[in-house]
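# Dropping a prediction and its sequence here:
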Amino acid sequence: MNTDAPTTDPQDDGSQDGPTFADLGLRPELLQALTALGYEEPTPIQLEAIPLVAEGRDLLGQAATGTGKTAAFSLPVLQRLEAHRGGRAPVALVLVPTRELAVQVSEAFHRYGKDLGARVLPVYGGAPIVRQLRSLEAGVDVVVATPGRALDLLNRGSLRLDEIATVVLDEADEMLDMGFAEDLDAILDATPEQRQTVLFSATMPRRLDALARRHLRDPARITIAKERAAAGEAPRVRQTAYVVPRGAKPAALGRILDIEAPTAAIVFCRTREEVDTLTETLNGRGYRAEPLHGGMSQEQRDKVMGRLRSGTADLLVATDVAARGLDIEQLTHVVNYDVPSAPESYVHRIGRVGRAGREGVAITLAEPREHRMLKTIEKVAGATISVQTVPTVADLRARRLDLTRAALRESLLGDELDRFRVVVETLADEFDLMEVALAAVKLAHEAVGGADDDEEIPQVGFRPERDNARGAGGSGARGERPARRGPAGPTAKLFVGLGREAGIRPGDLVGAITGESGLRGKDIGSIEIHQRFALVEIPEPAADEVVQALRATMIKGRKATVRRDRA
């Protein structure tokens, strides 16, 4: 999939309206590769970033996912790379949050730099480290790494950073959200002081700005606004929210998917248990749904993604952590089964659709008390979310008839009907031709799921503002986390085998627990951080769920022992 640019010849004769890649002064080897790939004119982020990065400037770039950031930094890095270089130590390091993104960025470098003989190595956890060690020993030009594996290789002495000329932090806000702040500091401190640093992010929280102040020198700043991105064939997403009582969410989601009929969709859930339950529900409705969450092995995740990309599955039900870095070409819809607790998560999610000039759809199922959080998301995302009521049974019946009509029209325009002529002619001797047609349409309608056995879903609206002034998710315009009040009922204390020595802070534990369970920040009580362990107070009914969730995930890039405290 090319999410980085539209498609024609970048070495055009100048007759097209907009600027071309040739206008950016790229070397012939890169232009030749872009021509072979069918790339056309640069997107806005590429148009502004490529000349600056090629000059060696530090850069702080903010643009939504899918606007072409990969080419915006990989092309100028390759522009400065010595062709068929023989050195063994890398000269460029790209840090990304996930294995999937590491693979995608590495593939882009390979495609663009093949005529330069660029040696690119992706390094990430979950893959045999021996193979990565051998490749580093043989010599590479560009290393694309997740922070945890990069730091591991650095500590082993296998990853040499003394010749690094450029460091790129891609999806920097997601790396901070995943607890990699101190890893990033350690890696950057190990690179030459005079290196070039390029940072790209979809959002710009204050802590990311602090990271930039520490490690970037007089950076050029680029912000691609929504309206500018649209002009550059970037994401175009229709954003809709449906107000649904919690108990009616499974039925409402099925109804909405029936109406929307997505080619492929990701449904985001808060917890892995919710992922598994909803996957079973959707499969029961006849969808081909697959789960994706932190409790699955990398091999299982790869198989799920293979089925989605091959078309043998059309729905991916996932947690945020598991879905980070995914790039699915045929994706048309993103569904928030719950309103995201952080507006930045919403921005990342909807950036997965509407790429390369295509239209995408973002759907959010909001409970009546979640009006304030939805307004906050609108403010942060810089877009209007249209609030609608759940489709009625009548709406669904009309949509199903539309689908039947479209299927019949497509069949009539085809040329494979003659073998059925004898059936129609025989029946026409006994019945009116219109009745024969009606019976055929009825059979076709029922064959595509047109049975009218659906019940009405309660139609509700948002509660008045005063009802959810203290509500879940209402964090105010500045996007700050609501104050924690702690558990109201019986509590349990959990032992987490990471502490100050590992750089653990209360926010890291709160983020891990809320990201992988059904708890929110206000549900978590006292947190004690000791030298080598931490103690966290949570509601007793959720203790077992949280223990299992934390055992299967990473906290600040590390696995931790998690159990009920024995004290």
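Okay, I see it. Numbering: from 1, shown residues only.
# how far is stretch 287-303 from where the chain is centred?
15 Å (Cα atoms, centre = their mean, to the nearest Å).
# what's it in contact with?
Residues external to stretch 287-303 that are found in contact with it (Cβ atoms under 8 Å, 6 or more residues apart in numbering): 99, 126, 254, 257, 267, 272, 275-276, 278-279, 282-283, 304-305, 307-308, 312-319, 321-323, 516, 548-549, 552-553. Heads up, the C-betas are built off the backbone N, CA and C, glycines and all.
# what residues are up against the most far-flung residue of the chain relative to its centre?
The C-alpha centroid of the chain is most remote from residue 429, which lies 58.8 Å away (Cα atoms, centre = their mean). Contact analysis of residue 429 by Cβ under 8 Å, 6+ apart lists nothing.
# How confident is the prediction for it, by pLDDT?
Note on residue 429: pLDDT of 84.
# Residue 128 - how many residues pack around it?
Number of residues near residue 128 (other Cβ atoms under 10 Å) recorded here: 8.
# ah, wrong one, I meant residue 218
6.
# Repeat that for residue 36.
A total of 12 residues lie near residue 36 under the criterion other Cβ under 10 Å.
# Tell me the spacing between residue 222 and residue 175.
When Cβ to Cβ, to the nearest Å is the yardstick, residue 222 and residue 175 sit 19 Å from each other.
# where does residue 84 land in three-state SS?
coil (DSSP: H, G, I helix; E, B strand; the rest coil).
# Could I get the contacting residues of it?
116, 117.
# And residue 222 and residue 175? Which one has more around it.
Neighbour count, other Cβ under 10 Å: between residue 222 and residue 175, residue 175 has more, with 25 against 18.
# what separates the more buried one from residue 169, distance-wise?
Residue 175 sits 7 Å away from residue 169, going by Cβ to Cβ.
# now stretch 214-228, how far from the centre of its chain.
The answer for stretch 214-228 is 21 Å, by Cα atoms, centre = their mean.
# Buried residues in it, which are they?
215, 216, 219, 220, 222, 224, 228 (16 or more other Cβ atoms under 10 Å).
# Could I have the buried ones of the contacts of stretch 287-303 as PyMOL selection syntax?
Here is the PyMOL command that selects only those of the contacts of stretch 287-303 that count as buried (16+ other Cβ under 10 Å):
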select buried, resi 99+254+257+267+272+275+278+279+282+283+304+305+308+313+314+315+316+317+318+319+321+322+323+516+548+549+552+553
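# what sits up against stretch 163-171?
53, 65, 69-70, 73, 77, 80, 87, 89-97, 101, 105, 175, 184, 187-188, 191-192, 195-202, 324-325.
# Please list only the buried members of those.
Members of the contacts of stretch 163-171 classed as buried by 16+ other Cβ under 10 Å are 53, 65, 69-70, 73, 77, 80, 90-97, 101, 105, 175, 184, 187-188, 191, 195-202, 324-325.
# max-length helix in this structure?
When the chain is parsed with DSSP state H, its longest helix is helix 393-412.
# Quick one: list the elements packing against that helix.
Packing partners of helix 393-412 (3 or more Cβ pairs under 8 Å, 6 or more residues apart in numbering; DSSP states H and E): helix 249-260, helix 433-447.
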